[in-house]
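1. structure, please.
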Amino acid sequence: MLYVEDNPANLKLVEHLIARRPNMRLLSARDATLGIELAREYLPEVILMDINLPGISGIDALNVLRETR
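-> Modelled structure (predicted):
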């Protein structure tokens, strides 16, 4: 799972929840640019993306990923 989130409290919460799931691996990024890079490199099964990110919005980042499949 890739989680793209710039809010540290939200990121900590999801990290805590995923830590309870030994069968899941969490990658995280604090901005959409890094999120796009990680998504292309690791091809996660699930991407949880914040909409309001600095620079590129989460919606625009997901559109970039859709275009490059």
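
2. which residues of this protein score low on pLDDT?
-> Flagging of the chain using pLDDT under 70 yields the residue ranges 69.

3. now the strands for it?
-> Shown for the chain, the strands assigned by DSSP state E span residues 2-4, 27-29, 47-49.

4. chain center to the second one: distance?
-> Translated: strand 27-29. With Cα atoms, centre = their mean, to the nearest Å as the basis, strand 27-29 stands 5 Å off its chain's centre.

5. what is that strand packed up against?
-> Taking 3 or more Cβ pairs under 8 Å, 6 or more residues apart in numbering; DSSP states H and E as the contact definition, the neighbouring helices and strands of strand 27-29 are strand 2-4, helix 8-19, helix 32-42. In this view, the C-beta of every residue, glycine as well, is placed from N, C-alpha and C.

6. what residues does it touch?
-> Under the criterion Cβ atoms under 8 Å, 6 or more residues apart in numbering, residues 1-5, 11, 14-15, 35, 37-38, 42, 44 lie in contact with strand 27-29.

7. ok, back up a step: which one of the helices and strands packed on strand 27-29 lies closest to R25?
-> Closest approach to R25 among the helices and strands packed on strand 27-29 (Cβ to Cβ): helix 8-19, 8.1 Å.

8. buried residues, the closest one. List them.
-> Taking 16 or more other Cβ atoms under 10 Å as the neighbour-count basis, helix 8-19 is seen to contain the buried residues L11.

9. stretch 60-69 now?
-> Under the neighbour-count criterion of 16+ other Cβ under 10 Å, stretch 60-69 has A61, L62, V64, L65 buried.

10. and stretch 1-8, by the same measure?
-> Buried residues in stretch 1-8, counted by 16+ other Cβ under 10 Å: L2, Y3, V4, E5, D6.
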